[in-house]
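>>> Attaching a predicted model along with its sequence, questions to come.
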Amino acid sequence: MPAGDPSRAGLCHRPPSFWVCSGCISCSSVPAHKRPFGFPSWLARSCLENTDPRTRGRGIQLLSQVLLQCYSLLQEKEVLHLVLFYENRLQDHHLVIPSVLQGLRALSMCEVLAPGLAVSVLKAIFQEVHVQSLLQLDRHTVYSIITNFMGTREEELKSLGADFTFGFIQVMDGEKDPRNLLVAFQIVRDLIVKNYALGPFVEELFEVTSCYFPIDFTPPPNDPHGIQREDLILSLRAVLASTPQFAEFLLPLLIEKMDSDLQSAKLDSLQTLAACCAIYRQKELQEFLPSLWSSLRREVFQTASEKVEAECLAALHALSACLSRSVLSSDTEDLLDSFLSSVLQDCRHHLCEPDMKLVWPSAKLLQAAAGASLRTCHRITRSVVPLLLEQYTKHPQSSQRRTILEMLLGFLELQQKWGHVEEDESALLSLRAPVCSVVFSAMTDPSVQLQLVGIRVLTVLGSLQGFLSPPDLELVVDHLLRLILHEEDSQSSEAAMEAAGSLAPIYPQIFSGRMVPRLGEELQSEREEEGSRAPRSLQQRCLQALAAVSTHTSIVRETIPVLLQHLRRVQKGSEAGNAQDVVSVCQSLHRVALQCQQDAESCWYYHQTVVPCLLAMAVQAAMQESTHPLQGKALLEEEALAAMVPVISAASTHLSPELAAQSVSHVVPLFLDGEVSFLPQNSFPCSFQPFEGGERLEAQRRLVALLMAFVCSLPRNVVIPQQERLLRELLALSCSCNCPFTATTAAKCFAGLVNKHPAGQQLDEILQLAVNRMEPGLAEGPHRTQALTLLLWVTKALVLRYHPLSSRLTDKLLGLLGDAELGPVAADGFSLLMADSPDVLHKGCHADVRIMFRQRFFTDNVPKLVQGFHGAGPDVKANYLKGLSHVLNHLPKPVLVTELPTLLPYKARVIRALAKPLDDKKRLVRKEAVAARGEWFLLGSPGR
């Protein structure tokens, strides 16, 4: 509204009309029923028109507080009257100003603010208020008003042009409070980013903000505002690095601070320089490049701080990237080329110094610049790599060669970053022969450390598509094979396997055609080599290497038959009694299974090849045990079966529902009905009946572990055929089998299926059947331990899914802690309930695991454990302590912290009670008391 508008007459010096009952120019313009709030006329006259500034201040304060509560209800005309009134009050006594600013802050949030009023308010503040003479809160109010208007009235404020920028500079100049600075820095950044006119005030705006650089702020102890030094640093950096217009003022400041003795100033300057390079162009940097490079070089050559060195390298990288981005015209100087020439001139000669003192600093600088762009990479690589190859030849010592090769590796990794090697762009292709010669030389050197670097370089060269020729690749495979099979040091052998695994998917044909057959031949050979290494060590390396290279579908189809054929030889050969050989093959098969999981084709091929083969060999061994006790015995040992479980599990977890259903339709009938037709080589001497009774079938019953591995790893949406029958058979076996291994695997399999079983009547019935079998078994008889094992696994299955029956079963377990015979085992069972199980009942095998089950178990049962401990006899107190210790050990620390108020009331009592068991005559009691007492002592201490 123009200053001379007659409608303003009589409004500025008097309280707004809509809350004065009479004597106002526009009282009739606002009907009473539309007024958002009432303000009695007597109060207006007694407060707002009072001659005492303190009284006027209280009146305006009351009005402002009302406005802050109901500004959204105001109408446009009401806002107009209030703005005019408050603008006039800015000329009032200084005691009134804080309340006036609060009112203007409320009005700045009104959506019905008429056009032009935002500009009017800010002009009045800029003209009438000396902001820096106000208290912190009042200054913050001014910044809030400006922020509100910038968020809602941007175009109006931009109409002020550079006057708005100048006005804000006056407002901010001299600000010292960190709370206000955070807001002020954000306003400055918005001024720049949102393209407000800076006009001739660029330098002034830079000065008013850069005077805080570098930030030197330490928050006071117990600061309620939570402002950290890093908050101010990042906020200020966002301002300084927001526009190239600051470059001519900022870059000299950064160079000055980089050369200071204060490390924090160096780091802040380097980080700010790197941030600026993201928006700068060549023209902003040109004048300062020599000084910047000089400072960066000096710091890297001389600093003892790894942080400063890292930030220098990052800044050099950013500088090189900035220069690389600029588009050159025909008449402009190529600043990148001249800058890189300076870098090479100052660093390259250090690579040739005999003492090699500045080799690594120089190499790091060169690599930082080379990593900025494809152009910088080509420029520096073309100059440095030939020099490194020459130095490698000149230095005969392995340690020096290792240093040079590590530098070469750094430059090759940069080349790898930019992908395909183009013949017309890369100097590397012309150096193929000498590079390969150096790498192969390193891989044959007696020094293990040099070999390891050579293997890393070879891996990078192999990833550069088009660099290695077919003859080179054959040599690569030969060198890797030699290291894998014949290198005495295991580090080199393992590194070679890892390299083979990385290169195999890039060159599947050469690895499947050259490496896999050689490894198969070594496995097949029965010759015993003389030397320090036993033949089994060689076989172990072959198995590990076959697994390592199985990283491509075509290679998997070659390696799996080799591994399975070797397993058959182990089963049939003279070494059949050694289960460790079976374990070794299974470990390699397991690794291959994990590598196949992400590829559907490989996963299905692996599953339909490996799982039936393992089942067939195990079934064959179980059937032959009664007639040929030695043949295939190794496959039936617990160690071997336990090694086969993760193989079958990993082969099944990632199957699609359709393929899983296809597979389960064969495996379950195998165990329930002896249906062996889907197994390879299925001519067996007798029927397969693992759930039948009789001592002669004990070997067959052990194979329930393989059934568990399969059915407990399937997705939850896969229907298990004959599931109710299968559950009943597993339940009976787990409660009646005399073999602990078989009984435990049957219980785990039962629990795994129960965990995934849909809720409903069928689940309730099978659980009731399980309870009916467990309770009498726990009470008495020869199978109490089996019944307890089943109780533990079923309880875990139900605790994980929050089933209501879990509380009843847990109470049953708590009651067994007082049992003299089963109490110690029941106490250890609390570890089973809380810990992650490796083969069943975990998320990887699609089990139903609720995220907070441990916290819930803790809350429900720790009070019961403590109460039971106090009421228990001296002979069984250790069981309660052990159970409590297991629960605390497996409780996540964040949960333990939140539950401290629950535990701490018991702390002193429990520690006192634990003193007596420390002198118990039984060693087990003393041991558990020490462990539990230690946990309770540490409860609530820092870090727990």
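Nice, thanks for sending it over. Numbering: from 1, shown residues only.
>>> what's the pLDDT at the closest residue in space to residue 102 that isn't next to it in sequence?
Spatially, and ignoring its direct neighbours in sequence, residue 102 is nearest to residue 64 (4.0 Å; Cβ to Cβ, 6 or more residues apart in numbering). Backbone N, C-alpha and C define where each C-beta goes, glycine included. What the model reports for residue 64 is a pLDDT of 92.
>>> Give me the distance between the biggest helix by length in the chain and the centre of its chain.
Taking DSSP state H as the criterion, the chain has its longest helix at helix 600-624. Offset of helix 600-624 from its chain centre (Cα atoms, centre = their mean, to the nearest Å): 36 Å.
>>> tell me the average confidence for the next helix or strand after that helix?
Counting by DSSP states H and E, the next helix or strand C-terminal to helix 600-624 is helix 633-636. Mean per-residue pLDDT for helix 633-636: 82.
>>> Helix 633-636 packs against which elements?
helix 553-572, helix 579-596, helix 600-624 (3 or more Cβ pairs under 8 Å, 6 or more residues apart in numbering; DSSP states H and E).
>>> Using PDB, list the CA coordinates for it.
Once non-C-alpha atoms are left out, helix 633-636 reads as follows in PDB (Å, rounded to 0.1, in the frame of the first residue of the first chain):
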ATOM      1  CA  LYS A 633      29.900 -95.700   7.200                       C
ATOM      2  CA  ALA A 634      31.400 -92.200   7.000                       C
ATOM      3  CA  LEU A 635      28.100 -90.700   5.600                       C
ATOM      4  CA  LEU A 636      26.200 -91.800   8.600                       C
END
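>>> in what helix or strand does the residue nearest to residue 102 lie?
Residue 64 belongs to helix 53-70, assigned by DSSP H and E.
>>> Which other helices and strands does that helix contact?
Secondary-structure packing of helix 53-70 (3+ Cβ pairs under 8 Å, 6+ apart): helix 97-108.
>>> now the angle between helix 53-70 and the helix it packs on, please.
Here the directions of helix 97-108 and helix 53-70 differ by 20 degrees (axes from the mean of the first three to the mean of the last three Cα atoms, to 10 degrees).
>>> does residue 677 sit in a helix, a strand or a coil?
Here residue 677 is coil, with the state taken from DSSP: H, G, I helix; E, B strand; the rest coil.
>>> roughly how far apart are it and residue 616?
Between residue 677 and residue 616 the computed distance is 11 Å (Cβ to Cβ, to the nearest Å).
>>> And for residue 254?
On the measure of Cβ to Cβ, residue 254 and residue 616 end up 72 Å apart.
>>> Neighbour count: the two, which is higher?
Legend: neighbour count by other Cβ atoms under 10 Å for residue 254 and residue 616, higher for residue 254 (26 against 19).
>>> separation between the more buried one and residue 788?
Relative to residue 788, residue 254 is positioned 71 Å away (Cβ to Cβ).
>>> now swap in residue 871 and tell me
To residue 788, residue 871 is 22 Å away according to Cβ to Cβ.
>>> Of the two, give the one with the bigger neighbour count.
residue 788 (23 against 10).
>>> residue contacts, the more buried one?
When contacts are counted by Cβ atoms under 8 Å, 6 or more residues apart in numbering, residue 788 touches 778, 816, 822, 825-826, 829.
>>> per-residue pLDDT, it?
According to the prediction, residue 788 has pLDDT 95.
>>> what about it, helix or strand, and which?
Under the criterion of DSSP H and E, residue 788 resides in helix 784-800.
>>> Helices along the stretch 451-600 of the chain, start to end?
Assigned by DSSP state H, counting those that start in this stretch, the stretch 451-600 of the chain shows helices spanning 470-486, 490-503, 508-510, 516-524, 535-548, 553-572, 579-596, 600-624.
>>> pLDDT at residue 943, what is it?
You'll see residue 943 listed with a pLDDT of 55.
>>> Same check on residue 423?
pLDDT recorded at residue 423 is 46.
>>> what does residue 22 give?
The model reports residue 22 with a pLDDT of 34.
>>> just residue 901 next, same as before
Listed pLDDT for residue 901 reads 69.
>>> swap in the one 4 residues further on?
If you check residue 905, the pLDDT there is 68.
>>> Then residue 45?
56.
>>> which residues sit in contact with the residue nearest to residue 102?
Going by Cβ under 8 Å, 6+ apart, residue 64 touches 99-100, 102-103, 106.
>>> and which of those residues is nearest residue 200?
The nearest member of the contacts of residue 64 to residue 200, counting by Cβ to Cβ, is residue 100 at 31.4 Å.
>>> give the contact list for the closest one.
Shown in contact with residue 100 (Cβ under 8 Å, 6+ apart): 60, 64, 86, 89-90, 92.
>>> try residue 367
Going by Cβ under 8 Å, 6+ apart, residue 367 touches 410-411, 414.
>>> if we go to 10 Å?
Residues near residue 367 by Cβ atoms under 10 Å, 6 or more residues apart in numbering: 313, 316-317, 377, 380-381, 384, 407, 410-411, 413-414.
>>> Inside helices: which ones of those?
Among these, DSSP H puts 313, 316-317, 377, 380-381, 384, 407, 410-411, 413-414 in helices.
>>> Now tabulate the residues you listed in TSV and tack on neighbour count and pLDDT.
Listed next are those as TSV, based on neighbours: other Cβ atoms under 10 Å; pLDDT from 0 to 100:
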residue	neighbour count	pLDDT
313	22	97
316	29	97
317	21	97
377	23	90
380	26	93
381	22	90
384	24	94
407	24	94
410	20	93
411	22	92
413	16	91
414	22	89
